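> Next comes the sequence, and after it the predicted model I'd like to discuss.
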Amino acid sequence: MNANQPTPVAHVPAGRVVARTTPLDLPDAATDPGTLLDLLPAESPLSWVRRGDGIVAWGELARVEVGGDGQFAHAEQAWTRLLRTMTVHDDVRAPGTGPVAFGSFSFDPASPAGGTLVVPRVVVGRRGPLAWVTTLAEEDDDAPQPTLAELLRVGAAPVTSPGPVTYTDGSLTPEAWLDVVADAVARIRDGAVDKVVLARDVRARTARPVDPRHLLARLAERFAGCWTFSVDGLVGATPELLVRSEKGLVISRVLAGTVRRTGDDDADLARAAHLSHSSKDLEEHEYAVSSVAQALSPFCTSTNVPETPFVLHLPNVLHLATDVTGVLAPPGASSLALADALAPTAAVCGTPTAVARDLIREIEHLDRARYAGAVGWLGADGDGEWGIGLRSAELDPEDPHELRLFAGCGIVAASVPDDELAETEAKLEPMRYALDG
Ligand SMILES: C=C(O[C@@H]1C=C(C(=O)O)C=C[C@H]1O)C(=O)O
(Lines give C-alpha, C1' and ligand atoms only; values in the text may rest on other atoms or scores of the structure.)
Protein backbone atom coordinates (compact mmCIF):
# COMPACT_ATOMS: atom_id res chain seq x y z
CA MET A 1 0.00 0.00 0.00
CA ASN A 2 0.97 3.63 -0.26
CA ALA A 3 3.14 4.56 2.69
CA ASN A 4 1.51 7.95 2.93
CA GLN A 5 -1.88 6.43 3.46
CA PRO A 6 -2.39 6.81 7.19
CA THR A 7 -5.46 4.61 7.58
CA PRO A 8 -5.14 0.86 7.35
CA VAL A 9 -6.86 -1.09 4.59
CA ALA A 10 -8.62 -3.98 6.20
CA HIS A 11 -10.23 -6.98 4.56
CA VAL A 12 -12.14 -8.56 7.40
CA PRO A 13 -15.21 -10.81 7.63
CA ALA A 14 -18.52 -8.97 7.92
CA GLY A 15 -19.91 -11.07 10.79
CA ARG A 16 -18.65 -12.78 13.91
CA VAL A 17 -15.75 -15.19 13.84
CA VAL A 18 -15.15 -18.28 15.95
CA ALA A 19 -11.57 -19.21 16.85
CA ARG A 20 -11.20 -22.74 18.15
CA THR A 21 -7.99 -24.34 19.45
CA THR A 22 -7.85 -28.07 20.14
CA PRO A 23 -4.96 -30.41 20.98
CA LEU A 24 -3.29 -32.28 18.13
CA ASP A 25 -1.31 -35.49 18.21
CA LEU A 26 1.73 -34.43 16.16
CA PRO A 27 4.95 -36.46 15.97
CA ASP A 28 7.52 -35.26 18.51
CA ALA A 29 9.83 -32.43 17.37
CA ALA A 30 12.84 -34.46 18.48
CA THR A 31 11.96 -37.31 16.13
CA ASP A 32 10.57 -35.19 13.33
CA PRO A 33 11.55 -31.51 13.47
CA GLY A 34 10.21 -30.92 9.95
CA THR A 35 6.59 -31.80 10.69
CA LEU A 36 5.20 -28.28 11.03
CA LEU A 37 6.71 -27.08 7.76
CA ASP A 38 5.62 -30.29 6.00
CA LEU A 39 2.01 -29.32 6.62
CA LEU A 40 2.20 -26.11 4.59
CA PRO A 41 0.55 -25.60 1.22
CA ALA A 42 2.60 -23.97 -1.58
CA GLU A 43 0.29 -20.98 -1.77
CA SER A 44 1.08 -18.11 0.68
CA PRO A 45 2.47 -20.25 3.53
CA LEU A 46 2.90 -18.57 6.90
CA SER A 47 5.64 -19.73 9.22
CA TRP A 48 7.52 -18.94 12.40
CA VAL A 49 9.48 -22.06 13.31
CA ARG A 50 12.66 -22.79 15.25
CA ARG A 51 13.99 -26.27 16.03
CA GLY A 52 10.68 -27.82 15.04
CA ASP A 53 8.64 -25.66 17.43
CA GLY A 54 6.54 -22.65 16.52
CA ILE A 55 3.51 -22.01 14.34
CA VAL A 56 2.66 -22.52 10.70
CA ALA A 57 -0.54 -21.34 9.06
CA TRP A 58 -2.48 -20.90 5.85
CA GLY A 59 -5.67 -19.42 4.44
CA GLU A 60 -6.61 -15.81 4.89
CA LEU A 61 -9.47 -14.85 7.18
CA ALA A 62 -8.45 -11.21 7.32
CA ARG A 63 -5.71 -8.92 6.06
CA VAL A 64 -4.70 -5.48 7.25
CA GLU A 65 -2.36 -3.30 5.22
CA VAL A 66 -0.65 -0.33 6.82
CA GLY A 67 2.05 2.16 6.01
CA GLY A 68 3.76 5.31 7.17
CA ASP A 69 4.90 6.27 10.65
CA GLY A 70 1.94 4.72 12.42
CA GLN A 71 2.24 1.33 10.74
CA PHE A 72 2.54 -0.68 13.97
CA ALA A 73 -0.08 1.30 15.88
CA HIS A 74 -2.57 1.05 13.02
CA ALA A 75 -2.00 -2.68 12.70
CA GLU A 76 -2.54 -3.14 16.42
CA GLN A 77 -5.77 -1.11 16.38
CA ALA A 78 -7.08 -3.23 13.51
CA TRP A 79 -6.15 -6.44 15.38
CA THR A 80 -7.91 -5.24 18.53
CA ARG A 81 -11.05 -4.39 16.52
CA LEU A 82 -10.98 -7.78 14.84
CA LEU A 83 -10.62 -9.57 18.18
CA ARG A 84 -13.83 -7.91 19.36
CA THR A 85 -15.68 -9.79 16.62
CA MET A 86 -14.29 -13.15 17.77
CA THR A 87 -15.56 -15.84 20.07
CA VAL A 88 -12.56 -17.82 21.30
CA HIS A 89 -12.62 -21.45 22.47
CA ASP A 90 -9.09 -22.37 23.50
CA ASP A 91 -8.65 -25.86 24.97
CA VAL A 92 -4.84 -25.66 25.05
CA ARG A 93 -3.90 -22.21 26.38
CA ALA A 94 -0.24 -21.79 25.59
CA PRO A 95 1.74 -19.08 23.77
CA GLY A 96 0.57 -19.19 20.15
CA THR A 97 -2.80 -20.84 20.79
CA GLY A 98 -6.07 -18.99 20.15
CA PRO A 99 -6.28 -16.53 17.26
CA VAL A 100 -2.97 -15.21 15.92
CA ALA A 101 -1.94 -12.69 13.30
CA PHE A 102 1.28 -12.97 11.32
CA GLY A 103 2.90 -9.69 10.39
CA SER A 104 5.74 -8.08 8.56
CA PHE A 105 6.61 -4.39 8.46
CA SER A 106 8.90 -2.28 6.33
CA PHE A 107 12.26 -1.22 7.75
CA ASP A 108 11.62 2.38 6.77
CA PRO A 109 8.06 3.55 7.47
CA ALA A 110 8.36 5.67 4.30
CA SER A 111 8.88 2.57 2.11
CA PRO A 112 6.01 1.85 -0.29
CA ALA A 113 6.21 -1.77 0.94
CA GLY A 114 4.37 -0.81 4.15
CA GLY A 115 3.32 -3.53 6.55
CA THR A 116 0.77 -6.33 6.64
CA LEU A 117 -1.03 -8.39 9.24
CA VAL A 118 -2.46 -11.65 7.94
CA VAL A 119 -4.96 -13.54 10.06
CA PRO A 120 -4.90 -17.14 8.84
CA ARG A 121 -7.79 -19.60 8.77
CA VAL A 122 -5.78 -22.57 10.05
CA VAL A 123 -2.81 -22.50 12.45
CA VAL A 124 -0.86 -25.53 13.61
CA GLY A 125 1.55 -25.06 16.48
CA ARG A 126 3.95 -27.01 18.59
CA ARG A 127 5.82 -26.27 21.75
CA GLY A 128 7.76 -29.23 23.11
CA PRO A 129 5.34 -32.06 23.79
CA LEU A 130 2.30 -29.85 23.20
CA ALA A 131 0.72 -29.49 19.76
CA TRP A 132 -2.51 -27.88 18.62
CA VAL A 133 -4.62 -26.73 15.73
CA THR A 134 -6.54 -23.48 15.66
CA THR A 135 -9.25 -22.75 13.15
CA LEU A 136 -10.78 -19.36 12.51
CA ALA A 137 -14.07 -19.37 10.67
CA GLU A 138 -17.20 -17.34 10.16
CA GLU A 139 -19.77 -18.09 12.85
CA ASP A 140 -22.17 -19.87 10.48
CA ASP A 141 -19.42 -22.25 9.28
CA ASP A 142 -19.99 -25.37 11.36
CA ALA A 143 -17.23 -27.54 9.84
CA PRO A 144 -15.60 -29.77 12.51
CA GLN A 145 -11.94 -29.29 13.52
CA PRO A 146 -9.66 -30.87 10.92
CA THR A 147 -8.10 -34.19 11.88
CA LEU A 148 -4.36 -34.80 11.65
CA ALA A 149 -4.94 -36.89 8.50
CA GLU A 150 -6.83 -33.99 6.91
CA LEU A 151 -4.12 -31.53 7.89
CA LEU A 152 -1.44 -33.76 6.42
CA ARG A 153 -3.26 -33.71 3.07
CA VAL A 154 -2.97 -29.88 2.86
CA GLY A 155 0.77 -30.00 2.25
CA ALA A 156 0.72 -33.24 0.27
CA ALA A 157 1.51 -31.62 -3.10
CA PRO A 158 5.18 -32.36 -3.85
CA VAL A 159 7.61 -29.53 -3.08
CA THR A 160 9.29 -28.34 -6.26
CA SER A 161 12.85 -27.05 -6.42
CA PRO A 162 13.51 -23.76 -8.21
CA GLY A 163 16.12 -25.29 -10.52
CA PRO A 164 19.12 -23.30 -11.75
CA VAL A 165 19.32 -19.74 -10.40
CA THR A 166 20.82 -16.69 -12.12
CA TYR A 167 22.07 -13.92 -9.86
CA THR A 168 22.41 -10.32 -11.01
CA ASP A 169 23.26 -7.05 -9.30
CA GLY A 170 20.56 -5.36 -7.29
CA SER A 171 20.21 -1.61 -7.03
CA LEU A 172 23.99 -1.09 -6.94
CA THR A 173 26.96 -3.02 -8.33
CA PRO A 174 29.33 -4.34 -5.63
CA GLU A 175 31.88 -1.69 -6.72
CA ALA A 176 29.35 1.13 -6.32
CA TRP A 177 28.40 -0.25 -2.90
CA LEU A 178 32.07 -0.14 -1.81
CA ASP A 179 32.02 3.60 -2.59
CA VAL A 180 28.91 4.01 -0.46
CA VAL A 181 30.63 2.27 2.46
CA ALA A 182 33.76 4.43 2.01
CA ASP A 183 31.53 7.52 2.03
CA ALA A 184 29.89 6.32 5.28
CA VAL A 185 33.27 5.69 6.93
CA ALA A 186 34.38 9.22 5.98
CA ARG A 187 31.21 10.71 7.46
CA ILE A 188 31.61 8.70 10.66
CA ARG A 189 35.20 9.94 10.97
CA ASP A 190 33.87 13.48 10.45
CA GLY A 191 31.58 12.94 13.42
CA ALA A 192 28.26 13.04 11.50
CA VAL A 193 27.15 9.69 12.98
CA ASP A 194 28.65 6.97 15.22
CA LYS A 195 27.46 3.88 13.36
CA VAL A 196 25.38 3.26 10.26
CA VAL A 197 24.19 -0.05 8.86
CA LEU A 198 24.37 -0.31 5.08
CA ALA A 199 22.68 -3.00 3.06
CA ARG A 200 22.67 -4.20 -0.53
CA ASP A 201 20.41 -6.42 -2.58
CA VAL A 202 21.02 -9.12 -5.16
CA ARG A 203 18.45 -10.30 -7.69
CA ALA A 204 17.79 -13.97 -8.28
CA ARG A 205 15.92 -15.47 -11.21
CA THR A 206 14.92 -19.10 -10.94
CA ALA A 207 14.29 -21.55 -13.78
CA ARG A 208 11.09 -22.82 -12.17
CA PRO A 209 8.53 -20.89 -10.09
CA VAL A 210 9.66 -20.63 -6.47
CA ASP A 211 7.84 -22.93 -4.06
CA PRO A 212 8.41 -21.13 -0.72
CA ARG A 213 8.26 -24.50 1.06
CA HIS A 214 11.52 -25.51 -0.64
CA LEU A 215 13.22 -22.46 0.84
CA LEU A 216 11.68 -22.96 4.27
CA ALA A 217 12.64 -26.63 4.50
CA ARG A 218 16.26 -25.96 3.55
CA LEU A 219 16.57 -22.98 5.88
CA ALA A 220 15.05 -24.82 8.83
CA GLU A 221 17.27 -27.84 8.31
CA ARG A 222 20.58 -25.93 8.01
CA PHE A 223 19.84 -22.89 10.20
CA ALA A 224 17.92 -24.75 12.90
CA GLY A 225 18.84 -22.21 15.60
CA CYS A 226 17.28 -19.37 13.58
CA TRP A 227 13.62 -18.47 13.24
CA THR A 228 12.45 -19.65 9.83
CA PHE A 229 9.76 -17.27 8.69
CA SER A 230 7.42 -16.74 5.78
CA VAL A 231 4.99 -13.85 5.86
CA ASP A 232 3.36 -12.26 2.83
CA GLY A 233 6.23 -13.03 0.45
CA LEU A 234 9.13 -12.34 2.84
CA VAL A 235 11.02 -15.58 3.48
CA GLY A 236 14.13 -16.12 5.56
CA ALA A 237 15.81 -17.53 8.66
CA THR A 238 16.73 -14.81 11.11
CA PRO A 239 19.08 -15.29 14.06
CA GLU A 240 17.96 -11.99 15.59
CA LEU A 241 14.93 -11.72 17.86
CA LEU A 242 13.66 -8.16 18.05
CA VAL A 243 11.36 -9.07 20.92
CA ARG A 244 9.51 -11.98 22.45
CA SER A 245 6.85 -11.11 24.98
CA GLU A 246 5.41 -13.94 27.00
CA LYS A 247 3.41 -13.67 30.20
CA GLY A 248 5.03 -10.42 31.29
CA LEU A 249 8.61 -11.37 30.43
CA VAL A 250 10.38 -9.88 27.45
CA ILE A 251 13.59 -10.83 25.71
CA SER A 252 15.48 -9.34 22.81
CA ARG A 253 18.46 -11.09 21.21
CA VAL A 254 20.82 -8.44 19.93
CA LEU A 255 23.41 -9.33 17.30
CA ALA A 256 26.11 -7.04 15.93
CA GLY A 257 29.74 -7.80 15.20
CA THR A 258 30.29 -10.58 12.69
CA VAL A 259 32.96 -12.82 11.26
CA ARG A 260 32.63 -15.44 8.53
CA ARG A 261 33.17 -19.07 9.49
CA THR A 262 35.91 -21.05 7.83
CA GLY A 263 34.46 -24.56 7.99
CA ASP A 264 37.34 -25.67 10.22
CA ASP A 265 36.36 -25.97 13.90
CA ASP A 266 39.74 -24.99 15.35
CA ALA A 267 40.08 -22.00 13.06
CA ASP A 268 36.50 -20.97 13.93
CA LEU A 269 37.25 -21.12 17.66
CA ALA A 270 40.23 -18.85 17.09
CA ARG A 271 37.99 -16.49 15.11
CA ALA A 272 35.38 -16.54 17.90
CA ALA A 273 38.08 -15.60 20.42
CA HIS A 274 39.29 -12.83 18.15
CA LEU A 275 35.73 -11.55 17.60
CA SER A 276 35.04 -11.33 21.31
CA HIS A 277 38.10 -9.10 21.73
CA SER A 278 37.80 -7.03 18.56
CA SER A 279 37.32 -3.40 19.57
CA LYS A 280 35.67 -2.58 16.23
CA ASP A 281 33.08 -5.35 16.68
CA LEU A 282 32.58 -4.66 20.38
CA GLU A 283 31.90 -1.02 19.54
CA GLU A 284 29.31 -1.98 16.90
CA HIS A 285 27.75 -4.37 19.39
CA GLU A 286 27.59 -1.89 22.22
CA TYR A 287 25.61 0.59 20.10
CA ALA A 288 23.09 -2.12 19.28
CA VAL A 289 22.72 -3.29 22.90
CA SER A 290 22.23 0.22 24.25
CA SER A 291 19.59 1.03 21.64
CA VAL A 292 17.59 -2.04 22.70
CA ALA A 293 18.10 -1.49 26.44
CA GLN A 294 17.01 2.15 26.15
CA ALA A 295 13.94 1.35 24.07
CA LEU A 296 12.81 -1.45 26.41
CA SER A 297 13.35 0.23 29.74
CA PRO A 298 10.27 2.58 29.68
CA PHE A 299 8.06 -0.53 29.34
CA CYS A 300 9.71 -2.55 32.10
CA THR A 301 9.92 -2.55 35.89
CA SER A 302 13.38 -4.10 35.57
CA THR A 303 15.78 -5.07 32.80
CA ASN A 304 18.88 -7.22 32.67
CA VAL A 305 21.61 -6.19 30.25
CA PRO A 306 24.61 -8.55 30.37
CA GLU A 307 27.92 -6.72 30.38
CA THR A 308 29.70 -8.91 27.88
CA PRO A 309 28.34 -10.56 24.74
CA PHE A 310 28.58 -14.26 23.93
CA VAL A 311 29.51 -15.61 20.52
CA LEU A 312 26.62 -17.10 18.55
CA HIS A 313 27.76 -19.82 16.14
CA LEU A 314 25.75 -20.09 12.94
CA PRO A 315 26.70 -22.32 10.02
CA ASN A 316 27.88 -19.36 7.92
CA VAL A 317 28.99 -16.70 10.44
CA LEU A 318 29.79 -15.99 14.09
CA HIS A 319 28.05 -13.06 15.77
CA LEU A 320 28.53 -11.19 19.01
CA ALA A 321 25.22 -11.69 20.81
CA THR A 322 23.50 -10.33 23.92
CA ASP A 323 20.14 -11.39 25.33
CA VAL A 324 18.52 -8.35 26.94
CA THR A 325 15.61 -9.32 29.21
CA GLY A 326 12.99 -7.41 31.15
CA VAL A 327 9.86 -7.66 33.27
CA LEU A 328 6.96 -5.77 31.73
CA ALA A 329 5.36 -3.04 33.79
CA PRO A 330 1.59 -3.62 34.19
CA PRO A 331 -0.72 -3.50 32.29
CA GLY A 332 1.90 -4.65 29.81
CA ALA A 333 2.49 -3.29 26.33
CA SER A 334 1.72 -5.68 23.48
CA SER A 335 4.57 -7.37 21.64
CA LEU A 336 3.69 -5.23 18.61
CA ALA A 337 3.95 -2.01 20.62
CA LEU A 338 7.33 -3.23 21.88
CA ALA A 339 8.45 -4.02 18.33
CA ASP A 340 7.36 -0.51 17.35
CA ALA A 341 9.45 1.00 20.13
CA LEU A 342 12.48 -1.17 19.39
CA ALA A 343 12.59 -0.99 15.59
CA PRO A 344 14.87 -0.07 14.05
CA THR A 345 17.62 -1.10 16.47
CA ALA A 346 21.17 0.09 15.97
CA ALA A 347 21.98 -3.45 14.74
CA VAL A 348 20.17 -2.69 11.47
CA CYS A 349 20.04 1.12 11.38
CA GLY A 350 22.79 2.80 13.39
CA THR A 351 23.46 5.37 16.10
CA PRO A 352 21.98 7.91 16.62
CA THR A 353 18.92 6.29 15.06
CA ALA A 354 17.37 9.28 13.26
CA VAL A 355 20.68 10.50 11.83
CA ALA A 356 21.61 6.98 10.72
CA ARG A 357 18.23 6.50 9.06
CA ASP A 358 18.58 9.79 7.18
CA LEU A 359 22.04 8.78 6.06
CA ILE A 360 20.72 5.41 4.85
CA ARG A 361 18.01 7.24 2.88
CA GLU A 362 20.62 9.53 1.40
CA ILE A 363 23.42 7.15 0.42
CA GLU A 364 22.20 3.53 0.38
CA HIS A 365 20.20 3.70 -2.90
CA LEU A 366 18.03 0.78 -1.84
CA ASP A 367 14.40 0.28 -0.91
CA ARG A 368 14.90 -2.28 1.84
CA ALA A 369 11.14 -2.92 1.82
CA ARG A 370 10.54 -5.43 4.63
CA TYR A 371 14.11 -6.67 4.90
CA ALA A 372 15.46 -5.63 8.33
CA GLY A 373 11.93 -4.76 9.47
CA ALA A 374 9.91 -6.62 12.10
CA VAL A 375 8.48 -10.02 11.14
CA GLY A 376 6.61 -12.40 13.39
CA TRP A 377 3.31 -13.03 15.06
CA LEU A 378 0.91 -11.64 17.65
CA GLY A 379 -1.68 -13.38 19.82
CA ALA A 380 -5.00 -12.28 21.27
CA ASP A 381 -3.41 -11.29 24.61
CA GLY A 382 -0.76 -9.16 22.84
CA ASP A 383 2.05 -11.64 23.50
CA GLY A 384 4.06 -12.68 20.47
CA GLU A 385 7.44 -12.95 18.83
CA TRP A 386 8.98 -10.50 16.38
CA GLY A 387 12.25 -11.12 14.63
CA ILE A 388 14.33 -8.77 12.53
CA GLY A 389 13.71 -9.84 8.93
CA LEU A 390 17.34 -10.69 8.09
CA ARG A 391 18.90 -13.47 6.00
CA SER A 392 15.83 -13.09 3.86
CA ALA A 393 14.43 -12.57 0.38
CA GLU A 394 11.34 -10.89 -0.98
CA LEU A 395 9.43 -12.96 -3.49
CA ASP A 396 8.08 -10.92 -6.38
CA PRO A 397 4.26 -11.09 -6.19
CA GLU A 398 4.06 -10.48 -9.96
CA ASP A 399 6.66 -13.04 -11.06
CA PRO A 400 7.22 -16.35 -9.21
CA HIS A 401 10.71 -16.65 -10.76
CA GLU A 402 12.03 -13.43 -9.24
CA LEU A 403 13.41 -12.70 -5.75
CA ARG A 404 15.47 -10.00 -4.09
CA LEU A 405 18.03 -11.15 -1.51
CA PHE A 406 19.33 -8.68 1.06
CA ALA A 407 22.26 -8.33 3.43
CA GLY A 408 23.88 -5.52 5.32
CA CYS A 409 26.45 -4.73 7.97
CA GLY A 410 27.24 -2.21 10.62
CA ILE A 411 29.79 0.44 9.62
CA VAL A 412 31.91 2.20 12.23
CA ALA A 413 35.00 4.39 11.97
CA ALA A 414 37.34 1.37 11.72
CA SER A 415 35.37 -0.41 8.96
CA VAL A 416 37.14 -1.48 5.77
CA PRO A 417 34.84 -1.46 2.69
CA ASP A 418 36.19 -4.72 1.17
CA ASP A 419 35.68 -6.56 4.45
CA GLU A 420 32.13 -5.27 4.68
CA LEU A 421 31.36 -6.45 1.14
CA ALA A 422 32.70 -9.90 2.09
CA GLU A 423 30.50 -9.82 5.20
CA THR A 424 27.39 -9.16 3.09
CA GLU A 425 28.33 -12.13 0.91
CA ALA A 426 28.54 -14.32 4.03
CA LYS A 427 25.12 -13.06 5.12
CA LEU A 428 23.62 -13.77 1.68
CA GLU A 429 24.69 -17.38 1.97
CA PRO A 430 21.59 -18.67 3.79
CA MET A 431 19.23 -17.55 1.02
CA ARG A 432 21.59 -18.74 -1.71
CA TYR A 433 21.69 -22.09 0.07
CA ALA A 434 17.88 -22.09 0.34
CA LEU A 435 17.56 -21.61 -3.41
CA ASP A 436 19.96 -24.48 -4.16
CA GLY A 437 19.11 -28.14 -4.22
C1 LIG B 1 22.18 -6.33 8.66
C2 LIG B 1 22.38 -7.63 8.86
O3 LIG B 1 22.83 -8.16 10.03
C4 LIG B 1 22.95 -7.35 11.18
C5 LIG B 1 24.28 -6.74 11.28
C6 LIG B 1 25.30 -7.39 11.94
C7 LIG B 1 26.70 -6.80 11.93
O8 LIG B 1 26.87 -5.71 11.39
O9 LIG B 1 27.63 -7.44 12.43
C10 LIG B 1 25.06 -8.58 12.62
C11 LIG B 1 23.82 -9.06 12.75
C12 LIG B 1 22.66 -8.27 12.35
O13 LIG B 1 22.25 -7.45 13.40
C14 LIG B 1 22.05 -8.64 7.81
O15 LIG B 1 22.15 -9.83 8.08
O16 LIG B 1 21.68 -8.25 6.70
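Okay, I see it.

> how deep is residue 108 tucked in, by neighbour count?
Other residues near residue 108 come to 20 when the count uses other C-beta atoms under 10 Å. Placement of C-beta: from N, CA and C, glycine included.

> Contact partners for it?
357, 360-361, 367-368 (C-beta atoms under 8 Å, 6 or more residues apart in numbering).

> Equivalent analysis for residue 370, please.
Counted by C-beta under 8 Å, 6+ apart, residue 370 has contacts 104-107, 111, 113, 115, 232, 234, 389, 392, 394.

> One more pass at 6 Å, please.
104, 106, 113, 234, 389 (C-beta atoms under 6 Å, 6 or more residues apart in numbering).

> which of those has the most neighbours?
Going by other C-beta under 10 Å, residue 389 tops these with 31 neighbours.

> Look up the closest residue to that residue, ignoring the ones flanking it.
In space, not counting the residues next to it along the chain, residue 389 is nearest to residue 375; the distance is 4.2 Å by C-beta to C-beta, 6 or more residues apart in numbering.

> quick revisit: from the contacts of residue 108, pick the one nearest residue 242.
Taking C-beta to C-beta as the measure, residue 242 lies nearest residue 368 of the contacts of residue 108, at 15.0 Å.

> Can you give me the pLDDT of the closest one?
Residue 368 is assigned a pLDDT of 98 by the prediction.

> which SS class is it?
coil (DSSP: H, G, I helix; E, B strand; the rest coil).

> Work out for me the element residue 37 sits within.
In this assignment (DSSP states H and E), residue 37 forms part of helix 35-38.

> Each with direction, which strands does the helix or strand that comes right after that helix pair with?
Proceeding N to C from helix 35-38, the next assigned helix or strand is strand 46-50, under DSSP H and E. Strands adjacent to strand 46-50 in the sheet, as given by DSSP bridges, are strand 53-58 (antiparallel), strand 227-231 (antiparallel).

> In the stretch 151-300 of the chain, what residue spans correspond to helices?
174-189, 212-222, 265-275, 279-296 (DSSP state H, counting those that start in this stretch).

> Need those in TSV (columns: mean pLDDT, distance to residue 412 and mean neighbour count).
Output for the helices of the stretch 151-300 of the chain, formatted as TSV (pLDDT from 0 to 100; distance: least, C-beta to C-beta, whole Å; neighbours: other C-beta atoms under 10 Å):
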stretch	mean pLDDT	distance to residue 412	mean neighbour count
helix 174-189	98	6	17
helix 212-222	98	29	23
helix 265-275	97	14	14
helix 279-296	96	5	21
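
> Nearest to the ligand, out of these?
Of all these, the one in closest proximity to the ligand, counting by C-beta to the nearest ligand atom, is helix 279-296 (5.8 Å).

> rewinding a little: doesn't the residue nearest to residue 389 belong to a helix?
No - assessed with three-state DSSP, residue 375 is strand; it does not lie in a helix.

> give me every residue that touches it.
Residue 375 neighbours (C-beta under 6 Å, 6+ apart): 104, 229, 231, 387, 389.

> surely the first one meets residue 234?
When you say that, I think you mean residue 104. Yes - applying C-beta atoms under 6 Å as the test, residue 104 and residue 234 come out as touching, 5.0 Å apart.

> can you list the strands paired with strand 46-50 in TSV and add distance to residue 46, mean neighbour count and mean pLDDT?
Shown next, in TSV, are these (distance: least, C-beta to C-beta, whole Å; neighbours: other C-beta atoms under 10 Å; pLDDT from 0 to 100):
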stretch	distance to residue 46	mean neighbour count	mean pLDDT
strand 53-58	4	24	98
strand 227-231	6	29	98
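
> Count the neighbours of residue 122 for me.
22.

> how close does it get to residue 17?
13 Å (C-beta to C-beta, to the nearest Å).

> Likewise for residue 408?
39 Å.

> between the two, who's got more neighbours?
Set residue 408 next to residue 17 and count neighbours by other C-beta under 10 Å: residue 408 wins out with 26 against 22.

> Just the element for that one, please.
Counting by DSSP H and E, residue 408 is found in strand 402-411.

> quick one: that strand to chain centroid distance?
13 Å (C-alpha atoms, centre = their mean, to the nearest Å).

> Near the ligand, which residues of this protein are found?
Residues of the chain lying near the ligand by C-beta under 6 Å from any ligand atom: 197, 199, 240, 255-258, 284, 319, 347-348, 390-391, 407-410, 427.
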